[in-house]
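S.K.: No sequence on hand, only this structure:
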């Protein structure tokens, strides 16, 4: 197990480095001079040259990349002289436009994104699993058919549509709550839930539909396994046969899927964030992209990769924990 | 194990590609040449498909949109207004540029109404938007299929170091936060045909999902007796790949191609919605949704129409893809 | 008293292509200390029969009568059958790797059955699991009980499967192809184990197999099935020495023999097993039957007119061929 973990961690490090390098190349090889971006369009050429020098952009690419990676672990001082700014550990670059280290900017926004993703995940899991299991156990009845028709329709709903309908009905027509705006959980737990309810539902609906379909087919497949028949042959009660012998293996792939989706959403729920104006990482990304604030864009890209890769590892570990066959001795 | 084309579009239509993983069509016994005793497997699949109403509905909707897109110039000639023409008379300057009349300004001149402010004809813009949407989705689907099948089959068949390299490459590609990366690439690259760029960028991040499935199936097909027999009799690898293995993957490829399309349609709309896809004045659904979301309270029709088109198209491809999978993979359909 | 009595058992499935008559009109009985062998090709209905007896035929329509120590099981409440399952009648499935749950330890799976039926504590049931694992000849049972099925060898897994069946001291064990996946030497060990348990504990055993070698080794009484129906039934001794049905004879002739002359070919039965969706009219075997093939048109009608029932010949020997008298 330890060897496996070490190998995986090494693999993660390599993958992150590759992602980092590719990101770095895209943003620094393309004809978007960060110095010009920083200095502004009407900047005189000698000023641009000065900025380039200060930002260390004249060094060879590989050196710049080395500095970037090193800074993540050691922090760094950006620029020199009167323009020098301190970028503390973990330094993912410094946003000259907003005058703050990228890390701080991202961490300001992460709680919002995490609230959105995790809350939505709870909703879609509850809905999706319940609908999927019910559908599988009542296979080929009208309940099953209704659930399946509903899921295929809901899965095709564009998020924009869901969001606007919810806003229109709940906020405009029924006036049940004000237009959502993000409130930190620590400030006002009730307000946090109330304001996130619509974004959660929007994000969760599609996933719930997909999870319901996945769960259904997985449960049906598992209940047809010989080991489930063995459980019945032992004379176990049907509830135990389904609950202990059927559902556990059936839900293993769902757990895997959840890990991947959650990892992708932590920094990737851009559309939902922008639809509800939630100040999350995705919104920060879209805004920075619009402003060409490259250090932020790059920092978020790395953060998002980190989430995805880490969730892959977590998924593997969870799998090994659930399924003894996957344990590497 | 995540949805084949989960582009991370925050639960957008991008992830609507049905239930993957468990549903990955296993090598179909009906497609096995040894099992060809009575009817041809394609005939059987066709029979199964024809009996499914969902498949017919899906195919019907797709045909409708494809025809509408292809004949967009003809249809707009009949309706009388092109996609870029502005009609100041159809909007009311005293109402902040909202369309005159009910239901978003529907009238004999503008069948589906006009956009607020500019007064462009929505019917025409939807038709031309369908062109963009379908062109991008179909082209990207073909591209990811070609790349995915080529790399997947190579990786699965040759194994060893080739497999290691390709698999690592796929792992790395799948570790990229695809939506974020697509956005970054799309906004960084300037002065390139946006449609072409969209196709390339979207393909770049979605091919590994197909490649992985193809790789797995090739690995199992490789050890079938008829493939081993072909190899033992000295058939070249290229010939085995194209005449023994590829034909047996056709079912899977068709299913994945169909199920990839709704994800790609959703992704195109999403990227355009976020402002990095197709740029105005080119009409596109994502653009229309972005514009209309500001007016959803006062001019709901403007918002509902492009959303409905997007919904119908994604739904249609999902229905057809699901039915195809059941038809080509009878094991799954019985489950 | 007879342990298990099955009368006129029929099983029907509804599939997309139509109704499948998997089993029709089977009769048999098993007494304590007796081994019944059910033999037939795949698709002959032998496994479906065993599942129907256990009440494990999910989604199938079962008619006829299954009496366990006088209690009628067909049409009985699910709960009645469930309480018998695993407790009084237990099943040994083929391919223990898929039949045992991959997520739970062997000991856990055995103990679970014991807890269910005896209401025993975790500790008691675990001790019982270790005990039965020892009974079936698994070395170091206390340690191995804590292992998972994939850590067992094929033969050991099959023993564990038998231990699972034995854990609640049942009266009847149904073994469905218990040795098919095993090496010949391991096969013999597993069969000997079953026979030893039968003798020691007075169990009734039903062995279901396609392998006449297994039947010859263990069965007291044999039921030959073909196309969902019984074609011949006799004591093992008699069936092997004086088979009457052309199908049974075909089966026996298709076995390789050491005393055969050099170069003499094996006698395979021509053709394929029948489709259960659209079975041949009359005797299901007639399209492959050498007696039918040799008969003239008038006599052939006997075979195709109606399904021939099992008829008693002598000493519990029953045969379903209308024409076998003429050919022996």
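M.R.: Received, thanks. Every value quoted in this text rests on a predicted model; they were computed, and no experiment measured them.
S.K.: In the stretch 51-200 of chain B, what residue lies closest to chain C?
M.R.: Across the stretch 51-200 of chain B, the shortest distance to chain C (CB to the nearest CB) belongs to residue B:51, at 9.2 Å. No exception for glycine: its C-beta is placed from N, CA and C like everyone else's.
S.K.: Against residue B:319, how distant is that residue?
M.R.: From residue B:51 across to residue B:319, the span is 14 Å (CB to CB, to the nearest Å).
S.K.: where exactly do the helices run in the stretch 101-250 of chain B?
M.R.: For the stretch 101-250 of chain B, applying DSSP state H, counting those that start in this stretch gives helices covering B:122-158, B:160-175, B:178-188, B:194-222, B:225-232, B:237-239, B:246-273.
S.K.: Need the winner for burial among those helices.
M.R.: Among these, helix B:246-273 has the highest mean neighbour count (mean count of other CB atoms under 10 Å in any protein chain shown), at a mean of 26.
S.K.: Can you give the distance of that helix from its chain's centre?
M.R.: Counting by CA atoms, centre = their mean, to the nearest Å, helix B:246-273 is centred 4 Å from the centre of its parent chain.
S.K.: same deal with stretch C:168-187?
M.R.: Worked out by CA atoms, centre = their mean, stretch C:168-187 lies 10 Å from the chain centre.
S.K.: cool, stretch C:216-223 as well?
M.R.: The answer for stretch C:216-223 is 11 Å, by CA atoms, centre = their mean.
S.K.: looking only at pLDDT, what's the mean for that stretch?
M.R.: Averaged across stretch C:216-223, pLDDT comes to 91.
S.K.: Kindly report the same for stretch C:282-293.
M.R.: In this model, stretch C:282-293 carries a mean pLDDT of 83.
S.K.: what about it, how long is it end to end?
M.R.: End-to-end distance for stretch C:282-293, by CA to CA, to the nearest Å: 15 Å.
S.K.: Give me the contacts around it.
M.R.: Residues from elsewhere that reach stretch C:282-293 (CB atoms under 8 Å, 6 or more residues apart in numbering or on different chains): C:226-229, C:231, C:245-247, C:250, C:269-271, C:274, C:280, C:300, C:303-308, C:320-324, C:327.
S.K.: Among those, name the buried ones.
M.R.: Buried residues within the contacts of stretch C:282-293, counting neighbours by 16 or more other CB atoms under 10 Å in any protein chain shown: C:226-229, C:231, C:245-247, C:250, C:269, C:274, C:280, C:300, C:303, C:307-308, C:320-324.
S.K.: Let me see the backbone angles for residue C:157.
M.R.: Note on residue C:157: its backbone torsions stand at phi -60, psi -40 [degrees, to the nearest 10].
S.K.: I figured it hits residue C:148, correct?
M.R.: No: applying CB atoms under 8 Å, one finds residue C:157 not in contact with residue C:148, separated by 10.4 Å.
S.K.: quick one on the thing from earlier: neighbours around the residue of the stretch 51-200 of chain B closest to chain C, how many?
M.R.: By the criterion of other CB atoms under 10 Å in any protein chain shown, residue B:51 has 12 neighbours.
S.K.: what's the distance between it and residue B:326?
M.R.: Distance, residue B:51 to residue B:326, by CB to CB: 10 Å.
S.K.: what's the answer for residue C:230, then?
M.R.: Here the distance between residue C:230 and residue B:326 works out to 37 Å (CB to CB).
S.K.: One more: residue C:13?
M.R.: To residue B:326, residue C:13 is 20 Å away according to CB to CB.
S.K.: same deal with residue B:185?
M.R.: 36 Å.
S.K.: same check, this time on residue A:252
M.R.: Distance from residue A:252 to residue B:326, counting by CB to CB: 24 Å.
S.K.: and residue C:231, what element?
M.R.: Per DSSP states H and E: residue C:231 is located in strand C:229-235.
S.K.: Sheet partners, orientation included, of that strand?
M.R.: strand C:221-226 (antiparallel), strand C:317-319 (antiparallel) (DSSP bridges).
S.K.: What lies in contact with the first one?
M.R.: Think strand C:221-226. Counting by CB under 8 Å, 6+ apart, C:26, C:28, C:30, C:34-41, C:44-46, C:49, C:215, C:230-236, C:239, C:245, C:247-248, C:251, C:273, C:284-285, C:316 sit against strand C:221-226.
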